[in-house]
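Sequence and computational prediction follow.
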Amino acid sequence: MKKRVLITGAAGFLGSHLCDKFIAEDFHVIGMDNLITGDLKNIAHLFKLETFEFYHHDVTKFVHVPGKVDYILHFASPASPIDYLKIPIQTLKVGSLGTHNLLGLAREKNARILIASTSEVYGDPLVHPQTEEYFGNVNTIGPRGVYDEAKRFQESITMAYHRFHGLETRIARIFNTYGPRMRLNDGRVIPAFIGQSLRGEDLTVFGDGLQTRSFCYVDDEVEGLYRLLMSDYPLPVNIGNPEEITILDFAKEIIKLTGTQQKIVFKPLPQDDPMQREPDISKAKKILDWQPKISREEGMRKTFAYFKNLSKEELTKSEH
Ligand code: NAD
Ligand code: UDP
């Protein structure tokens with residue numbers, strides 16, 4: 001009998017790629033999503049499979065899944081700043097109540113659970129690159145606090161279930177990940193720049209563009225997450241690509257890649273926007289024998305190719 005895995009946030013960007021990965025690894029996949037930021041078209045190709053089932057459900061409400069469950073991946077949560085600023089209470093609830101429900105389900109089913117934490121637990125970091133030992137620098141009451149604190153609570157309650165109930169838990173601290181199936185209008189910098197390029201608009205760089213990020217292609221990320229789930233390591237592990245770049249240089253890279261004459265325009269920096277972000281992935285290398293393989297150039301080419309295939313209607317819908 002196949003191993004059964006429950007994936008929350010299955011209709012979202014990362015969740016849908018995880019569904020594909022676990023189907024490919026011969027699992028029975030149970031997807032769950034309330035579609036608040038996700039889209040069924042991301043998993044439409046799976047509905048014909050007998051090894052895939054889907055529950056339209058809000059995980060902040062009691063979660064019930066019939067039958068055995070061997071693994072749970074809790075990925076439900078808005079993930080882009082404009083999403084969690086628009087739905088702050090739901091963001092707090094899915095990280096807290098939702099995580100509590102899924103930990104309870106994991107106990108009932110005797111399942112191993114991996115939760116999707118984030119580099120945002122480090123806030124605007126004072127340590128660079130960020131190691132898992134760094135406690136972070138988060139403004140609890142700032143606009144991003146709803147996401148950051150939900151994820152910090154999520155880590156705490158997960159460790160409490162591990163220590164108090166002996167539950168098998170895994171914590172992935174995911175750094176900026178990109179690829180096909182992101183929403184062009186989700187406000188994150190990669191879909192924003194791609195959408196602007198495809199519409200022939202100027203690229204909007206926030207602040208002076210000297211803030212840094214480190215972008216991981218989705219296939220690399222998913223492989224790291226899979227290895228973490230299958231490992232026996234219960235403490236948080238950074239999963240991301242350590243190749244750091246300023247947002248301004250990244251905008252220039254995009255212009256080079258597209259070969260267009262786009263200009264760069266500067267817009268105000270959002271409050272509490274972290275100045276630098278780069279994962280120290282020594283732990284992932286050592287424990288999971290994992291590191292990203294796909295360069296930014298290759299990843300961006302694949303991502304562009306996906307978005308170029310979108311219809312004109314979808315492209316204009318995504319203007320913001
Ligand atoms: P996404 O918005 O594409 O996917 C999130 C999915 O969760 C959506 O399909 C949404 O409808 C669903 N969802 C939200 N609230 C829900 C609820 N209450 N009940 C059921 N479903 C709900 O975002 P993503 O980029 O795929 O992120 C997925 C997870 O990974 C999130 O937990 C996010 O915090 C984490 N993460 C992502 C990144 C990244 O770079 N993409 C970085 C760090 C952490
Ligand atoms: N950003 C930008 N222009 C945009 C969208 C984002 O310059 O059109 C900047 C944003 O201010 C941040 C970086 O790009 O410094 C990454 O933003 P994103 O929302 O992708 O992720 P996060 O801030 O959560 O890392």
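Nice, thanks for sending it over. Numbers count the residues shown, from 1 in each chain. Ligands and ions are numbered 1, 2, ... in the order given.

Kindly provide the distance from residue 271 to ligand 1.
The gap separating residue 271 from ligand 1 is 19 Å, by CB to the nearest ligand atom, to the nearest Å. (C-beta placed from N, C-alpha, C; glycine too.)

Can you tell me the closest non-neighbouring residue to that residue?
In this structure, residue 271 finds its nearest non-sequential neighbour in residue 143, 5.6 Å apart by CB to CB, 6 or more residues apart in numbering.

Pull the contacting residues for that neighbour.
Going by CB atoms under 8 Å, 6 or more residues apart in numbering, residue 143 touches 81, 85, 270-272.

Let's see which of the residues you listed end up in helices.
Using DSSP state H, the members of those that fall in helices are 81, 85.

out of the contacts of residue 143, who's nearest residue 290?
Using CB to CB, residue 81 comes nearest to residue 290 of the contacts of residue 143, at 27.4 Å.

ok, now how distant is that closest one from residue 193?
Distance, residue 81 to residue 193, by CB to CB, to the nearest Å: 15 Å.

out of the contacts of residue 143, which are buried?
The neighbour count (16 or more other CB atoms under 10 Å) marks 81, 85, 272 as buried among the contacts of residue 143.

Looking at the residues you listed, which is nearest residue 250?
Out of the buried ones among the contacts of residue 143, the member with the shortest distance to residue 250 (by CB to CB) is residue 81, at 16.7 Å.

Not counting its neighbours along the chain, what's nearest the closest one?
Using CB to CB, 6+ apart, the closest residue to residue 81 is residue 187 (6.1 Å).

how about the one you found, what does it touch?
Residue 187 touches 80-83, 320, counting by CB under 8 Å, 6+ apart.

Return the closest of these with respect to residue 197.
Nearest member of the contacts of residue 187 to residue 197, counting by CB to CB, is residue 320, at 14.9 Å.

shouldn't residue 220 be in contact with residue 295?
No: in this structure, residue 220 is not within contact of residue 295 by CB atoms under 8 Å, at 10.2 Å.

Compare these two (neighbour count), which wins?
Set side by side, residue 220 and residue 295 show more neighbours around residue 220, with 20 against 12, by other CB atoms under 10 Å.
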